[in-house]
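1. Please work out how this folds:
(2 chains)
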Amino acid sequence: MRHFLDFEKSIAELESKIDELRRMSEADGINIAEEVARLTEKADRQLRTTYARLSPWQKAQVARHPERPRATDYLAALITEFTPLAGDRACADDAAVLGGLGRFRGRAVLAIGTERGNDTESRVRHNFGMSRPEGYRKARRLIELAGRFGLPVLTFVDTSGAFPGIEAEARGQAEAIARAIEACLEAPVPIIATIIGEGGSGGAIALAAGDVVLMLEHAIYSVISPEGCASILWRDAGEAQAAAEALKLTADDLKRLELIDQVIAEPLGGAHRDRESVLLAVAEAIAEALPPLLALEPVALKARRREKFLAMGRLAPV
Amino acid sequence: MNWLSEYVRPKIRTLLGRREIPDHLWHQCPSCQQMIFERDLERGLKVCPHCGHHMRASAAERLAWTLDDGGTRIELPKVPADPLRFRDTKRYADRLKEAREKTHLPDALLVAHGTIAGHKAVVAAMAFEFMGGSMGAAVGEGILAAAQLAVLQAAPLIVYTASGGARMQEGAISLMQMPRTVIATRLVKEAGLPFISVLTDPTTGGVTASFAMLGDIQIAEPGALIGFAGARVIEQTVREKLPEGFQRAEYLLAHGILDAVVPRPEMKATLARLISLLTLKDAA
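-> Okay, the predicted model is just below:
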């Protein structure tokens, strides 16, 4: 059964009606093609109008949709010969951050993704995409490895944030994030980060301080979750909708503020409705962004990356 | 002492508005609840003479306590104010205005240069008194300016951190101050200069997870709360009672995250010694 979001109720009703008609026609041999076509068109129209004007809070729900393609899906679809590499060499392997070598359209790359899982078992295994220090230390190690061998780094970010836990703090969560950001900024190789779902605060920027930051149309990227912001500034988690508006966390907002480089359009009704097309769109965007970066010398590449981040927020937005 | 200086000057001073520390004022230590003379508190750098509790200090006090004669403050670059036109129960623009009126500070960071017991240095101090020391574009730009000044003067950079984390009202712009301030630390390090991070109570969130944890040397004041996630968030997530002394300076020291925990009265001498050891190879 498809998972529908609250604001998709009328679309859900139409689609279940269509399904029902199809079942009836199969059973009774009644020709209902015309009716199905009419309803399908209506459902599409509603989907189009709904998704054309999603509020930031609705986008947050789409970004967290349980059927949305995850980092694992991007790794599987975009990277051939994927060879996972594990561990931070000090403490553990963190399954919230996946990484390894592989090929993107023939070129050897290093790919990293934060994985939140898609069912109870995998969600627990990946700690809901919330990395512990070991995950950021693994990422840093792999980025340095990529640097040593001249391999571009592709990251796929989808996390509500770094894991807030006792051991995570005891093992230096803050330091691990800071060092991962530093590793991104210092890498002598191109880094392309794609925000595919939720870009949650420090846990996201740790893997997204790249030369090019791509972001899916309905993904969100924020300094704090709308719920967290609402409970602090409004003292009421129920104000998450207002907080989502105020935080300017949508891809369009971030592009306007020049904090990301490109918005990747999603298929009608969101990435989860047409996984193949969104995986391809991301691959195309990466394939387009990579060559100009590969043409730069490591020193120039690093300098350009620094300048990009140093320019952020300096000019008043339009 | 003659009649003039003894009887007339104090009155003139009063007329000129020189701030005399009143010796009749008492403060209560928030830790041991004992009473402390205001004068003793000021002289003891806001450390409780009874229990050694380190009270929070302002950015201006940090600079005064660290730099010889307080150093010379620099004006920090201006940044676009309220880029998101953020509004919660109050406008961010109004919150900024109130914080400025209350603290007489432009934002949550002060930067000065001068000498520390004779060693030149650039010192940046975060102002927790200004919107909880939260880091937005102004703080990020200020850390960058401090780093650039340190490079220009070939001086070490010392940063006193005190922050609740990111300035939420600046959204993702505040998040981007994390990589921006990491770049600042790189500028100092690439110039072969020491970057010393002094973590004070409290230092949390995006500040801890960026420049604060990238010091060549990392020192904290006793008892300072230092961490990434807030204690309440952690408690709600793991549904466990937090261990005794969790996220305190001594806890971080025991877990290998800090080089040392240094009491405030020894801080200046410690910084001077560290600068000397790192930059003066032969002091003979």
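
2. Domain ranges for chain B, per the record?
-> B:19-55, B:57-283 (automatic domain parsing).

3. Tell me the buried residues in the shortest one?
-> For domain B:19-55, a neighbour-count test (16 or more other Cβ atoms under 10 Å in any protein chain shown) marks B:27, B:29, B:36-37, B:41, B:44-48, B:52-55 as buried. C-beta here means a position set from N, CA and C on the backbone, and glycine is covered the same way.

4. I'd like these written out as CSV, with secondary structure added.
-> Shown next, in CSV, are these (DSSP: H, G, I helix; E, B strand; the rest coil):
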residue, secondary structure
B:His27, strand
B:Cys29, coil
B:Ile36, strand
B:Phe37, strand
B:Leu41, helix
B:Gly44, coil
B:Leu45, coil
B:Lys46, coil
B:Val47, strand
B:Cys48, coil
B:Gly52, coil
B:His53, coil
B:His54, strand
B:Met55, coil
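
5. Between the domains of chain B, which one is closest to A:Arg256.
-> Closest of the domains of chain B to A:Arg256 is domain B:57-283, at 10.5 Å (criterion: Cβ to Cβ).

6. Report the distance from the closest one to the chain centre.
-> Chain-centre distance of domain B:57-283: 5 Å, with Cα atoms, centre = their mean, to the nearest Å.

7. Regarding that domain, how distant is the last residue from the first?
-> Terminal residues of domain B:57-283 are spaced 33 Å apart (Cα to Cα, to the nearest Å).

8. that older thread, could you work out the most separated pair of the buried residues of domain B:19-55?
-> Across the buried residues of domain B:19-55, the longest distance by Cβ to Cβ is 17.5 Å; it joins B:Phe37 and B:His54.

9. Which pLDDT does the model give B:Asp282?
-> According to the per-residue confidence, B:Asp282 scores 83 in pLDDT.

10. part of a helix, is it?
-> No: with three-state DSSP as the criterion, B:Asp282 is assigned coil and is not in a helix.

11. what about it, how many neighbours?
-> By the measure other Cβ atoms under 10 Å in any protein chain shown, the count of residues near B:Asp282 is 4.

12. For it, grab phi and psi.
-> The phi/psi pair for B:Asp282 (degrees, to the nearest 10) reads phi -130, psi 110.

13. where along the chain do the strands fall?
-> Let's take chain A. Along chain A, counting by DSSP state E, strands occupy A:79-84, A:97-104, A:107-114, A:153-159, A:191-200, A:212-216, A:220-222, A:262-264.

14. switch to chain B, that's the one I care about
-> B:26-28, B:35-37, B:72-73, B:109-116, B:119-126, B:157-163, B:195-203, B:217-220, B:260-261.

15. what about the fifth one and chain A, any contact?
-> It stands for strand B:119-126. No: Strand B:119-126 stays clear of chain A (Cβ under 8 Å from any Cβ of the partner chain), getting no nearer than 15.2 Å.

16. Given that strand, what are its sheet partners and their directions?
-> strand B:109-116 (antiparallel), strand B:157-163 (parallel) (DSSP bridges).

17. Any residues of the stretch 201-318 of chain A in contact with chain B? List them.
-> Within the stretch 201-318 of chain A, the residues that sit near chain B (Cβ under 8 Å from any Cβ) are A:201-202, A:205-206, A:209, A:221-224, A:228-229, A:232-235, A:242-243, A:246-249, A:254, A:257, A:259, A:306, A:309-310, A:312-317.

18. for chain A, which spans come out with low pLDDT?
-> Within chain A, the stretches with pLDDT under 70 are A:1, A:29, A:316-318.

19. Find the closest residue to chain B in it.
-> Using Cβ to the nearest Cβ, the single residue of chain A nearest to chain B is A:Pro164, 3.4 Å away.

20. how many other residues sit next to that residue?
-> Neighbours around A:Pro164, by other Cβ under 10 Å: 22.

21. Correct me if wrong: it contacts B:Arg232.
-> No: A:Pro164 is beyond contact range of B:Arg232, at 9.5 Å (criterion: Cβ atoms under 8 Å).

22. mind listing what the residue of chain A closest to chain B touches?
-> Remark: with contacts taken as Cβ atoms under 8 Å, 6 or more residues apart in numbering or on different chains, A:Pro164 is in contact with A:Met130, B:Phe228, B:Ala229, B:Gly230, B:Val233, B:Ile234, B:Thr237, B:Val238.

23. wait, isn't the last one in contact with A:Ile166?
-> Yes: under the criterion of Cβ under 8 Å, B:Val238 makes contact with A:Ile166 at 6.1 Å.

24. More neighbours: which of these two?
-> Higher neighbour count among B:Val238 and A:Ile166: A:Ile166, with 19 against 15, using other Cβ under 10 Å.

25. okay, now residue 256: neighbour count?
-> Just going to use chain A. Counted with other Cβ under 10 Å, the neighbours of A:Arg256 add up to 14.

26. I was thinking of chain B, sorry if that wasn't clear
-> B:Gly256, neighbours per other Cβ under 10 Å, totals 11.

27. give me phi/psi at the residue lying closest to it once chain neighbours are set aside?
-> What sits nearest to B:Gly256 in space, not counting adjacent residues and going by Cβ to Cβ, 6 or more residues apart in numbering or on different chains, is A:Gly172, at 7.6 Å. When read as degrees, to the nearest 10, the backbone of A:Gly172 gives phi 80, psi 50.

28. In contact with A:Gly172, which residues?
-> Contacts for A:Gly172 (Cβ under 8 Å, 6+ apart) come out as A:Pro133, B:Met213, B:His255, B:Gly256, B:Ile257.

29. again, but for B:Ala99
-> Neighbouring residues of B:Ala99 by Cβ under 8 Å, 6+ apart: B:Leu105, B:Phe130, B:Met131.

30. again, only this time at 6 Å
-> Contact analysis of B:Ala99 by Cβ atoms under 6 Å, 6 or more residues apart in numbering or on different chains lists B:Phe130, B:Met131.

31. count of residues packed around residue 244?
-> No chain in the question, so chain A it is. By other Cβ under 10 Å, 25 other residues sit near A:Ala244.

32. um, chain B though
-> Count around B:Glu244 with other Cβ under 10 Å applied: 7.

33. how much space between it and B:Asp201?
-> As defined by Cβ to Cβ, to the nearest Å, B:Glu244 lies at a distance of 17 Å from B:Asp201.

34. Check the gap between the nearest residue to A:Asn127 once chain neighbours are set aside and A:Ala139 for me.
-> Computed as Cβ to Cβ, 6+ apart, the closest residue to A:Asn127 that is not its neighbour in sequence is A:Ala96, at 4.7 Å. Counting by Cβ to Cβ, the separation of A:Ala96 from A:Ala139 is 10 Å.

35. Might you enumerate the residues of chain B proximal to chain A?
-> Taking Cβ under 6 Å from any Cβ of the partner chain as the contact definition, chain B meets chain A at B:80, B:83-84, B:86, B:88-89, B:137, B:166, B:168, B:171-176, B:178-180, B:182-183, B:206, B:208-210, B:213-214, B:227-229, B:233-234, B:237-238, B:255, B:257.
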